[in-house]
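# A structural model of the following input is requested.
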Amino acid sequence: MGFPIKKCVKCGEQFELKPGKPGFANQCWECSTEEASSAKEKERLSAEERRSASEANAERRKAMRDLLYRKDS
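Numbers count the residues shown, from 1 in each chain. Just a heads-up that it's a prediction; the model follows:
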């Protein structure tokens, strides 16, 4: 009994869906690894970018807290 044959949604190539295969069930191994490597590159942030994102998130939390818990007078 063989593995099911699937068709990749990105490149249209047929591949065998094997258990333990990295990536997605609807993409071939080559397309799945390309996407995974590009996602890792996006995650790398410099110290300034992390700090500015943290400050922006803190301001968002403060604004939401002020909107939710302000007292109507």
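
# least confident secondary structure element in the chain?
helix 29-43 (a mean of 66; mean pLDDT, DSSP states H and E).

# in what helix or strand does the closest residue in space to residue 45 that isn't next to it in sequence lie?
Nearest residue to residue 45, sequence neighbours excluded (C-beta to C-beta, 6 or more residues apart in numbering): residue 53, at 7.2 Å. (Glycine included, C-beta is placed from N, CA and C.) Assessed by DSSP states H and E, residue 53 sits inside helix 47-69.

# next one: residue 3 from residue 24, what distance?
Distance, residue 3 to residue 24, by C-beta to C-beta, to the nearest Å: 15 Å.

# more neighbours: those two, which one.
Counted by other C-beta atoms under 10 Å, residue 3 and residue 24 do not tie: residue 24 has more neighbours, with 15 against 11.

# now that one: how far from residue 48?
From residue 24 across to residue 48, the span is 34 Å (C-beta to C-beta).

# got it, and residue 60?
Separation of residue 60 from residue 48 (C-beta to C-beta) stands at 19 Å.

# then residue 22?
To residue 48, residue 22 is 33 Å away according to C-beta to C-beta.

# now residue 14
Going from residue 14 to residue 48 by C-beta to C-beta gives 46 Å.

# quick one, phi/psi of the residue lying closest to residue 6 once chain neighbours are set aside?
Leaving aside its sequence neighbours, residue 6 sits nearest to residue 17 (C-beta to C-beta, 6+ apart; 4.9 Å). The phi/psi pair for residue 17 (degrees, to the nearest 10) reads phi -90, psi 100.

# when you give positions from now on, start the count at 248
Sure, I'll start numbering at 248, so the last one becomes residue 264.

# tally of neighbours for residue 264?
Using other C-beta under 10 Å, residue 264 has 12 neighbouring residues.

# now the one 4 residues further on
Other residues near residue 268 number 15, with proximity taken as other C-beta under 10 Å.

# that one and residue 276 touch, don't they?
Yes. Counting by C-beta atoms under 8 Å, residue 276 is a contact partner of residue 268 at 6.3 Å.
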